[in-house]
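Asks: Coordinates for the following, if possible.
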Amino acid sequence: MHNVWTVKDDLPNALALTNVLLVTDALSAAAEPTRRRILQLLAPHPRTVSEIASEFPVTRSAISQHLLLLESVGLVAAEKVGRQRIYRVVPSGLRSLQAEIDRFWTDELDLLVADAHALNQRRNRPAVSGEDR
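Replies: Predicted structure coming up:
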């Protein structure tokens, strides 16, 4: 008996591979939820591919593809120790990513945040007798 491969059986891995092939910059790389989670997992300390993969419902191979992409855009680095590759975040890569994100933050966004806080405070303020609701 031979196994028949179906898209349904390997959809998460196929999606991961497709997603990896289309990314060319740090902002795009970090925008993808799996890669953001990988960066969060690596932030406190370096980890092996297997340790990272154990946190996801996709194969180790799919996580390796994500890690290779993160490495190619300068957000993580790998060190080979024996048979394992240990990944860590690259602080300068994260600083560059932060600088790129900061370029999107404009005065208009600051005003929007201030308006949202003011609206929230008005909504949470206790009603005064005789005040319209």
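Asks: Can you tell me the SS state at the closest residue to residue 27 other than its chain neighbours?
Replies: The shortest distance from residue 27 to any non-neighbouring residue, by C-beta to C-beta, 6 or more residues apart in numbering, is to residue 100 (5.3 Å). Any C-beta I mention is one placed from the backbone N, CA and C, and that applies to glycine too. For residue 100, the secondary-structure state derived from DSSP: H, G, I helix; E, B strand; the rest coil is helix.
Asks: what pLDDT does residue 100 get?
Replies: pLDDT, residue 100: 85.
Asks: Next: the one 10 residues further on.
Replies: The confidence metric pLDDT takes the value 80 at residue 110.
Asks: what about it, how many residues close to it?
Replies: Counted with other C-beta atoms under 10 Å, residues neighbouring residue 110 total 10.
Asks: Just the CA atoms of whichever strand or helix holds it, as CSV, please.
Replies: Secondary structure assignment for residue 110, by DSSP states H and E: helix 107-124. Extracted as CSV, the C-alpha positions of helix 107-124 are listed here (Å, rounded to 0.1, in the frame of the first residue of the first chain):
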residue,chain,number,x,y,z
ASP,A,107,2.3,62.9,14.4
GLU,A,108,-1.1,61.9,13.0
LEU,A,109,-0.8,58.5,14.7
ASP,A,110,0.1,60.3,18.0
LEU,A,111,-3.0,62.4,17.7
LEU,A,112,-5.1,59.3,16.9
VAL,A,113,-3.8,57.6,20.1
ALA,A,114,-4.4,60.7,22.2
ASP,A,115,-8.0,60.9,20.8
ALA,A,116,-8.6,57.3,21.6
HIS,A,117,-7.3,57.7,25.2
ALA,A,118,-9.5,60.8,25.7
LEU,A,119,-12.6,58.9,24.3
ASN,A,120,-11.9,56.0,26.6
GLN,A,121,-11.6,58.3,29.6
ARG,A,122,-14.9,60.0,28.8
ARG,A,123,-16.6,56.6,28.5
ASN,A,124,-15.2,55.4,31.8
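Asks: All set now, cheers.
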